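Enquirer: Quick one, what's the 3D model for this:
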Amino acid sequence: MVKGMKRKASSKVVDLRSRRIRKKRRKIVWPLTATFLCLLLICLIAYAREDIYVAKESEIEEVISSEAVLVKNERVIKSPAEGKLELLVKAGQRVRVNTPLFKVVADADKKQLLENELGELKKKLENVKKAQLQNEAAVEVLEKSIQLQEQKLEEIECTVFAPMAGTVSFSIDGYEDLLVPDKINSLEYGDLKVIEVSGESEAVLEAAKINQAVLKIVDNLFLNLVTPLSGGESLKSGRKYTVRFPDLGLELKAELLKLSEDGKTAVFLIKDVPFELLDERKVPVEIVAKTYKGIGVPVSAVINQKGEEGVLLFYDGRSIFKPVEVVACDDEVAIVEGIKLGDRVIVKRGLIWNLLRKI
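Expert: Predicted coordinates:
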C-alpha cells in the first residue's frame, strides 16, 4: 500500500528591510544626480557666456611715459642782512607786488627795548593830545622822538617785500637761475638727463645770513614742461594734449610749443598752474599722444584666417568669419572696423570656440 505523500509548497523569503534601504537610496541618489546635472548645465552656460563678447564702444590711448623738467618764472628772495627771521607769509600763499614777506632782526634784545620805548613815547603823545591845554612844543618834541626811535628800529629790523606777484614757496633747489623760460629753447636731451633734485623740501629757516635764500615767488599763471621723448612722432606743435602726473594725481591740458628737430625733446606750456606743481622740478609724466575711439573687442577674439584678419561672429548657433581692420589695440582690447555695435563675437578660448571654430 502506497502511503500518500504530502507535497510541501515552495516558499520564498523576502527581506523587507533591504528593499526599504534600496528605495531610500534611490530617493537620495536621483535628487543628487539631478542637482549635479543642473549645476553642471548652469556652469556650462555661464562658461559659454564668457566665450561670447558683445561688441561695444571702447577707447584706447596712445601714452608716452617720460620724466619731465618744470621750468618756471620764479624769483628767489634773499636776506639783505644777518639775523633772526620773522616770516610774514606761508607756503602756497598768493602775494601781490610789495607784499611784506619777512623781517630780519639783527639784535632781538635791542629790538625789544626799542619797541618798548617807542610804545611809551606814543602813549605820552596820546595823553598830551588829550589834555585840555595842549602843549604844542611838547607834542613836537614827542613826535620827533618817535621818528628817531622808528629809524633806530629800522636799522636793526629789515622788512623784505615781494618784487613780483605769485605764489610763495620754500622749495629752493638751486636751478631757479638756470632753468628759466628764456632759456628753454637751448635745453637739449642731454641737459635734462643730468638734472637731479632731492625729494625732500628744505626746512624753513629761523635765522639767515647775508644773501642767503629764504623763499621764492613763483608765477602760477604758467610754466613750461620740458621732457625727453621716445615715440613722439605723432605729436604736432600747436596742439593741446592731456598730461598726467601719476605721482601727484593731476591731469592737465598742455600745449606743445616746440618739438626738437630730432624729435627727442618737447616743450609744453601749462597755464593756471596748481600749487602741487610749483614745488616740483622733475616729475614722471604720461602724455596722451592720441586717443582711438570705436567698436572694441577682446584682443583674443581677433584671428587670422587665410591671411586675413577678422573675428568669428556667433549667429544662429554657428560661427561666421567676419573680416575686420584693426585700428588700434593694447594688451586687452582692439578697436576694429567691419562689425557693428551689439554683434556677438566669439572669444578665442573655451567651449564655444572649440565647438564652432571649424564649423
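
Enquirer: What is the burial count for the closest residue to residue 97 other than its chain neighbours?
Expert: Nearest non-adjacent residue to residue 97, counting by CB to CB, 6 or more residues apart in numbering: residue 165, 5.5 Å away. Glycine gets a C-beta too; all of them are placed from N, C-alpha and C. Neighbours of residue 165 under the rule other CB atoms under 10 Å: 15.

Enquirer: how about residue 76, what does it touch?
Expert: 172, 176, 177, 213, 215, 216 (CB atoms under 8 Å, 6 or more residues apart in numbering).

Enquirer: Surely it is within a strand?
Expert: Yes. Judged by DSSP: H, G, I helix; E, B strand; the rest coil, residue 76 forms part of a strand.

Enquirer: thinking again about what came up before, of the contacts of residue 76, which belong to strands?
Expert: 213, 215, 216 (DSSP state E).

Enquirer: sorry, back to before: quick one: the residue nearest to residue 97 and residue 219 touch, right?
Expert: Yes. Contact criterion CB atoms under 8 Å: residue 165 and residue 219 qualify, at 7.5 Å.

Enquirer: What are the buried residues along the helix or strand where residue 295 lies?
Expert: If you go by DSSP states H and E, residue 295 is part of strand 282-298. Neighbour-count burial for strand 282-298 flags 282, 283, 285, 286, 287, 289, 292, 294, 295, 296, 297, 298 (criterion: 16 or more other CB atoms under 10 Å).

Enquirer: try stretch 55-72
Expert: Buried residues in stretch 55-72 (16+ other CB under 10 Å): 55, 58, 60, 63, 64, 66, 68, 69, 70, 71, 72.

Enquirer: Need the mean per-residue confidence for stretch 252-271.
Expert: For stretch 252-271, the mean per-residue pLDDT is 90.

Enquirer: got a list of contacts for that stretch?
Expert: Residues from elsewhere that reach stretch 252-271 (CB under 8 Å, 6+ apart): 184-185, 187-189, 192, 221-229, 232-233, 235-243, 245, 274, 277, 287.

Enquirer: make it 7 Å
Expert: With contact meaning CB atoms under 7 Å, 6 or more residues apart in numbering, stretch 252-271 is reached by 184, 188-189, 221-229, 232-233, 235-243.

Enquirer: Now do the buried residues in it.
Expert: Quick answer for stretch 252-271 (16+ other CB under 10 Å): 252, 254, 256-257, 259-260, 264-270.

Enquirer: which ones among the buried residues of stretch 55-72 are found in strands?
Expert: Using DSSP E, the subset of the buried residues of stretch 55-72 located in strands is 58, 60, 63, 64, 66, 68, 69, 70, 71, 72.

Enquirer: any idea how far residue 223 is from the third one?
Expert: Plainly put, residue 63 is 22 Å away from residue 223 if you go by CB to CB, to the nearest Å.

Enquirer: do the same with the second one
Expert: Shown here: residue 60 relative to residue 223, a distance of 30 Å by CB to CB.

Enquirer: In contact with the spatially closest residue to residue 193 that is not a sequence neighbour, which residues?
Expert: Once flanking residues are discounted, residue 193 sits nearest to residue 228: 7.1 Å by CB to CB, 6+ apart. Counting by CB under 7 Å, 6+ apart, residue 228 touches 66, 189, 192, 264, 265.

Enquirer: Nearest to residue 311, out of these: which one, please.
Expert: Here the nearest of these to residue 311, counting by CB to CB, is residue 66; it sits at 34.9 Å.

Enquirer: Tally up the residues packed near the nearest residue in space to the closest one that is not next to it in sequence, please.
Expert: In this structure, residue 66 finds its nearest non-sequential neighbour in residue 227, 4.7 Å apart by CB to CB, 6+ apart. Residues contacting residue 227 under the criterion other CB under 10 Å number 25.

Enquirer: In terms of helix, strand or coil, where does residue 227 fall?
Expert: strand.

Enquirer: Does it touch residue 286 like I think?
Expert: No. Contact criterion CB atoms under 7 Å: residue 227 and residue 286 do not qualify, at 10.6 Å.

Enquirer: for the stretch 251-359 of the chain, what spans make up the helices?
Expert: In the stretch 251-359 of the chain, the segments counted as helices under DSSP state H, counting those that start in this stretch are 275-278, 350-356.
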